[in-house]
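Q: Please find the sequence and the predicted model below.
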Amino acid sequence: MNQYLVPEEGLTSKSAAELAQLIHSGEVSSRDVTQAHLDRIAEIDGTLNSFLHVGADEALAAADAVDASLKAGDAPASNLAGVPLALKDVFVTTDAPTTCASKILEGYMAPYDATVTKKIREAGIPILGKTNMDEFAMGSSTENSAYGPTRNPWDTERTPGGSGGGTSAALAAGLAPLGIGTDTGGSIRQPAALTNTVGVKPTYGTVSRYGLVACASSLDQGGPSARTVLDTALLHEVIAGHDKYDATSVDRAVPDVVAAAREGAKGDLRGLKVGVVKQFDREGYQPGVLESFHAGVEKLTELGAEIVEVDCPHFDDALAAYYLILPCEVSSNLARFDGMRYGLRVGDDGTHSAEQVMAMTRAAGFGAEVKRRIILGTYALSVGYYDAYYLQAQRVRTLIAQDFANAYEKVDVLVSPTTPTTAFKLGEKAEDPLAMYNFDLCTLPLNLAGLCGMSVPAGLASDTGLPVGMQIMAPAFQDDRLYKVGAAFEAAR
Ligand code: GLN
């Protein structure tokens, strides 16, 4: 059980807020901060494999630009200007390959920057590189990467979760103070829980998906992660907002998540009603996870919150509905990887038809889980099965949204464990897709309903000694509540 956790003291152990303060006051340069993280990546990422691509020159150039502008007396471009970041390899970038951890996109260079990428650059945040993930964000362990799994810095024989395991491992090991992920069914919150970091799935439509390679379009949402709630809020502020290039983007003011995090840190939750989801607080979960979760709920009580048990009966069907809807959307979205337009092309030697080239390219380029979902989705959408599967799953989705709506009539936020167990061993579930899917059961409902949620560290499980995450959920467009409650909880622990 080798550990590669963030070192005790130094530039790579500080929070993004602390680093920003040091940089903006001129005490350290963004170059020094960026270089310190690049050094740590060079030192230990051979073991962790959290980055698929490191852009040292580009990151240092961005850092130098921040340093020069501060020296010239300009105000920082943002609250995080100069603080480096790890970007999940599913957002397109003009200066680094975007592979989605797939062979089919090996070496693919996009002709434009995603809106999230652009906002990060405009905020003066150097991008250290692109992080490892499950192929096309399908998976819960980062083992579905075509470029090898990422290891959990808490125990390198275990997974950091997925699909955004690269970003979360990088945060936990001090390779980056800020990270960006996507959360279609839990891929930001779940790896955050397994690595003792903070991750937020913002309300659907509030962070642009322009330049985000699509997995399941009715569920996909980019979001921030970091080691503290405040850092996560500061990054949320940078990436959120309306974008005319994303048809699902909502034109609505972003709630003041940073103010909410600062308010929450004062530790007063009097007047707040917290619902404990009955369906996610039951036998069968790892005892150490439930113990940490119950201690967390107790903490919320001490902070003045009123705790109520909430029944959301249809949450039990979320897993089945999600694993129908997602493959259906995947089967359509991934049709574009045909060997003609992007990346890999196999069999283009004059002896094969276009159809054969497409088939050979897809057979060689996609991994087993991606193929499984394309096949499942194609089947579920086929004539005669559509009503029985897809339509039925969409009805369940509506019932889940109604469960949430009923719950939020009684309470301000809901809480649950983020995952049923702490980090599992590499290979433990890799051969058993259903066991892997089952691990997602607590995070899926809010994606299906388009709402927002956070995973915040809730201590180490007494039985495994590994991190436990507490999931906080809030209604649509009330993302600030997550930060208020999350920051209060973090400060109390
Ligand atoms: N683990 C889930 C899946 O495999 C979630 C993935 C995600 O959020 N991108 O679909």
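A: Done, it's in. Numbers count the residues shown, from 1 in each chain.

Q: State the distance from the residue of the chain most remote from its centre to the ligand.
A: Relative to the centre of the chain, the most outlying C-alpha is that of T351, 43.2 Å out, by C-alpha atoms, centre = their mean. To the ligand, T351 is 37 Å away according to C-beta to the nearest ligand atom, to the nearest Å. From N, CA and C alone the C-beta is placed, and that goes for glycine too.

Q: A458 too?
A: Using C-beta to the nearest ligand atom, which is the criterion applied here, A458 is 20 Å from the ligand.

Q: How about the secondary structure of that residue?
A: strand (DSSP: H, G, I helix; E, B strand; the rest coil).

Q: quick one, helices of the stretch 101-250 of the chain?
A: Secondary structure of the stretch 101-250 of the chain (DSSP state H, counting those that start in this stretch): helices located at 115-122, 165-172, 189-195, 229-239.

Q: Mind exporting the C-alpha coordinates of the first one to CSV?
A: Okay, so that is helix 115-122. Provided in CSV are the C-alpha atoms of helix 115-122 (Å, rounded to 0.1, in the frame of the first residue of the first chain):
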residue,chain,number,x,y,z
THR,A,115,-15.5,27.3,-24.0
VAL,A,116,-14.3,26.0,-20.6
THR,A,117,-10.8,25.8,-21.9
LYS,A,118,-11.1,29.4,-23.2
LYS,A,119,-12.5,30.7,-19.9
ILE,A,120,-9.6,29.0,-18.0
ARG,A,121,-7.1,30.7,-20.3
GLU,A,122,-8.8,34.1,-20.0
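
Q: Show me what that helix is packed up against.
A: strand 85-88, strand 127-131, helix 229-239 (3 or more C-beta pairs under 8 Å, 6 or more residues apart in numbering; DSSP states H and E).

Q: contacts for the second one?
A: This means strand 127-131. 34, 37-38, 41, 50-56, 58-59, 62, 84-89, 93, 96-99, 117, 120-121, 164, 166-167, 170, 175-176, 179 (C-beta atoms under 8 Å, 6 or more residues apart in numbering).

Q: Please name the residues that touch A101.
A: By C-beta under 8 Å, 6+ apart, the neighbours of A101 are L52, D89, N132, M133, D134, E135, F136, N144, S145, A146, Y147.

Q: distance of the closest residue to it other than its chain neighbours from the ligand?
A: Spatially, and ignoring its direct neighbours in sequence, A101 is nearest to S145 (3.9 Å; C-beta to C-beta, 6 or more residues apart in numbering). Relative to the ligand, S145 is positioned 13 Å away (C-beta to the nearest ligand atom).

Q: do A192 as well
A: In terms of C-beta to the nearest ligand atom, A192 sits 12 Å off from the ligand.

Q: Now flag whichever of the contacts of A101 is closest to Y379.
A: Checking these against Y379 by C-beta to C-beta gives F136 as the nearest, at 18.6 Å.

Q: now that closest one, nearest residue through space, not along the chain?
A: C100 is the one closest to F136 (C-beta to C-beta, 6+ apart), at 4.9 Å.

Q: burial count for the one you found?
A: Close neighbours of C100, defined as other C-beta atoms under 10 Å, add up to 29.

Q: and it, that's in a helix?
A: No. Secondary structure of C100 (three-state DSSP): coil, not part of a helix.

Q: quick one: contacts for it?
A: D89, V90, M133, E135, F136, A137, V213.

Q: Of those, which is the most crowded?
A: Going by other C-beta under 10 Å, M133 tops these with 33 neighbours.

Q: Next up, the contacts around it.
A: Per C-beta under 8 Å, 6+ apart, neighbours of M133: 88-90, 100-101, 142, 145, 162-167, 187.

Q: Let me know the distance separating the closest residue in space to G107 that isn't next to it in sequence from the ligand.
A: Nearest residue to G107, sequence neighbours excluded (C-beta to C-beta, 6+ apart): P97, at 5.4 Å. The spacing between P97 and the ligand, counted by C-beta to the nearest ligand atom, is 20 Å.

Q: So which residues on the stretch 251-400 of the chain come close to the ligand?
A: L326 (C-beta under 6 Å from any ligand atom).

Q: I'd like the helices of the stretch 101-250 of the chain written out as TSV, with mean pLDDT and mean neighbour count added.
A: Formatted as TSV, the helices of the stretch 101-250 of the chain follow (pLDDT from 0 to 100; neighbours: other C-beta atoms under 10 Å):
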stretch	mean pLDDT	mean neighbour count
helix 115-122	98	22
helix 165-172	98	34
helix 189-195	98	35
helix 229-239	98	27
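
Q: Turn the ones you listed into TSV, columns for distance to Y386.
A: Shown next, in TSV, are the helices of the stretch 101-250 of the chain (distance: least, C-beta to C-beta, whole Å):
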stretch	distance to Y386
helix 115-122	33
helix 165-172	34
helix 189-195	30
helix 229-239	36
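
Q: In contact with A173, which residues?
A: Y4, L5, V6, R40, I44, L48, S50, P153.

Q: For the one helix or strand the fifth one maps to, buried residues please.
A: When you say that, I think you mean I44. Assigned by DSSP states H and E, I44 belongs to helix 30-48. Using 16 or more other C-beta atoms under 10 Å as the test for burial, helix 30-48 gives 30-31, 33-38, 40-41, 44-45, 48.

Q: Give me the distance from stretch 478-486 to the chain's centre.
A: For stretch 478-486, the gap between its own C-alpha mean and the chain's C-alpha mean amounts to 17 Å (C-alpha atoms, centre = their mean, to the nearest Å).

Q: got it, and stretch 156-165?
A: That offset, for stretch 156-165, works out to 12 Å (C-alpha atoms, centre = their mean).

Q: still on that earlier bit, distance to the ligand and pLDDT for the buried residues of helix 30-48 - can I get that in TSV?
A: Formatted as TSV, these follow (distance: C-beta to the nearest ligand atom, whole Å; pLDDT from 0 to 100):
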residue	distance to the ligand	pLDDT
S30	31	98
R31	34	98
V33	30	98
T34	28	98
Q35	32	98
A36	30	98
H37	25	98
L38	27	98
R40	27	98
I41	24	98
I44	26	97
D45	22	98
L48	20	98
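
Q: Reformat those as JSON lines; add distance to I125.
A: Listed next are the buried residues of helix 30-48 as JSON lines, based on distance: C-beta to C-beta, whole Å:
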{"residue": "S30", "distance to I125": "9"}
{"residue": "R31", "distance to I125": "14"}
{"residue": "V33", "distance to I125": "11"}
{"residue": "T34", "distance to I125": "10"}
{"residue": "Q35", "distance to I125": "15"}
{"residue": "A36", "distance to I125": "16"}
{"residue": "H37", "distance to I125": "12"}
{"residue": "L38", "distance to I125": "15"}
{"residue": "R40", "distance to I125": "18"}
{"residue": "I41", "distance to I125": "16"}
{"residue": "I44", "distance to I125": "22"}
{"residue": "D45", "distance to I125": "20"}
{"residue": "L48", "distance to I125": "22"}
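
Q: Export stretch 389-403 to PDB, keeping only CA atoms.
A: Extracted in PDB, the C-alpha atoms of stretch 389-403 (Å, rounded to 0.1, in the frame of the first residue of the first chain):
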ATOM      1  CA  TYR A 389     -36.700   0.300 -22.900                       C
ATOM      2  CA  TYR A 390     -35.900   3.900 -23.800                       C
ATOM      3  CA  LEU A 391     -39.400   5.300 -23.300                       C
ATOM      4  CA  GLN A 392     -39.900   3.300 -20.100                       C
ATOM      5  CA  ALA A 393     -36.500   4.600 -18.800                       C
ATOM      6  CA  GLN A 394     -37.500   8.200 -19.600                       C
ATOM      7  CA  ARG A 395     -40.700   7.700 -17.600                       C
ATOM      8  CA  VAL A 396     -38.700   6.600 -14.600                       C
ATOM      9  CA  ARG A 397     -36.500   9.700 -15.100                       C
ATOM     10  CA  THR A 398     -39.600  11.800 -14.600                       C
ATOM     11  CA  LEU A 399     -40.600   9.900 -11.400                       C
ATOM     12  CA  ILE A 400     -37.100  10.500 -10.000                       C
ATOM     13  CA  ALA A 401     -37.400  14.200 -10.800                       C
ATOM     14  CA  GLN A 402     -40.700  14.200  -8.900                       C
ATOM     15  CA  ASP A 403     -39.100  12.500  -5.900                       C
END
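
Q: Thanks a lot, see you next time.
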